[in-house]
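Trainee: I would like to see how this sequence folds:
(4 chains)
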There are 2 protein chains.
Amino acid sequence: MANQRPALDPIFHALADPTRRAVIGRLMQGAAPVKELAQPFAMGLPAFLKHLGVLEAAGLIHSEKQGRVRTCRVDAARLAAAEQWLAEQRALWQGRADRLAAFVESQNPPNPPSE
Amino acid sequence: MANQRPALDPIFHALADPTRRAVIGRLMQGAAPVKELAQPFAMGLPAFLKHLGVLEAAGLIHSEKQGRVRTCRVDAARLAAAEQWLAEQRALWQGRADRLAAFVESQNPPNPPSE
DNA sequence: ATCATGGTTCGCCATATGGCAAACCAACGA
DNA sequence: TCGTTGGTTTGCCATATGGCGAACCATGAT
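Mentor: Numbering: from 1, shown residues only, chains lettered A, B, ... in the order given. Next comes the predicted model:
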């Protein structure tokens, strides 16, 4: 389950777009063909296919074509890789000595350690 | 506490670069001036300052200048925003009907939701 | 006053990104 | 067979990104 570290660059890049995040959100609820995925968006198919290409290049989705319909599904493990990097950073931050001090002297906390 | 949802686009975009992620990782261990942050990288200062600008535009870091030294510190809450989005997606995925079915299939059958 | 240091700004360039329109291909369905 | 549907490919364009070098400030040290 703890798969090797995939390239984070393309993963984060793929997530840095609302269209692509929406596609992820949709696919998290189940696989779907391209047309259905594209339907909520105003852009044309070519532009949308580029987004799918970015997602697939990042390994966040896989697609399979049967007949003339291409069905896409998400690869949750790749998303987890991004989440894991973030969790690691947070662990670093939480382990900091000055945070401990700041927590102790919580007189006027403008940024409490609330995740 | 429940911070409002910052724009995810610039956050993920800022993270989609190894230089910027390294800066984050460095700053997670404590604040640092620009020169020290830039030192590990091969690029020139102008290019590096652009990276800092991207990070700061995303709200991931703040910087403050005293004398001629600019000191940067990280804003962990912004990172948490990205982490939270990912966690939400994972929750969606874990709640999926077909995943539930796959699990139930080997345990006991409460009620299979149709799709 | 002068000089070194730490940043900053300013053009400039190559490439990547995100979008379009239009033509095209491959499978259904009638 | 022929039209429709679902995707794909092919230019093409505007803007953004990531890097450079060089000139430029402002502060701290000598």
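Trainee: what sits against A:P18?
Mentor: B:8-9 (Cβ atoms under 8 Å, 6 or more residues apart in numbering or on different chains). Where C-beta positions appear, they are placed from N, C-alpha and C, glycine not excepted.
Trainee: quickly note the distance from it to A:P33.
Mentor: 21 Å (Cβ to Cβ, to the nearest Å).
Trainee: and whichever helix in chain A runs longest with chain B, contact?
Mentor: Secondary structure of chain A per DSSP state H: the longest helix is helix A:76-94. Yes. Counting by Cβ under 8 Å from any Cβ of the partner chain, chain B has neighbours in helix A:76-94: A:76, A:79-80, A:82-83, A:85-87, A:89-90, A:92-93.
Trainee: can you check stretch A:38-58 too?
Mentor: No. For stretch A:38-58, no contact with chain B is found by Cβ under 8 Å from any Cβ; the gap never falls below 9.7 Å.
Trainee: right, is the helix or strand where A:V54 lies up against DNA strand D?
Mentor: Following DSSP states H and E, one finds A:V54 within helix A:45-57. Yes. Among the residues of helix A:45-57, A:45-46, A:49 lie within reach of DNA strand D under Cβ under 7 Å from any atom of the strand.
Trainee: which residues touch the closest residue to DNA strand D within chain A?
Mentor: Closest approach of chain A to DNA strand D (Cβ to the nearest atom of the strand) occurs at A:K35, with a separation of 2.9 Å. Listed by Cβ under 8 Å, 6+ apart, the contact set of A:K35 reads A:V69.
Trainee: cool, and A:H13?
Mentor: Per Cβ under 8 Å, 6+ apart, neighbours of A:H13: A:54, A:58, B:12-13, B:16.
Trainee: for the residues you listed, which one is nearest DNA strand C?
Mentor: The closest of those, once distances to DNA strand C are taken by Cβ to the nearest atom of the strand, is A:V54, at 5.4 Å.
Trainee: what secondary structure does the residue nearest to the closest one when sequence neighbours are not counted sit in?
Mentor: Nearest residue to A:V54, sequence neighbours excluded (Cβ to Cβ, 6 or more residues apart in numbering or on different chains): A:A14, at 5.0 Å. Under DSSP: H, G, I helix; E, B strand; the rest coil, the three-state class of A:A14 is helix.
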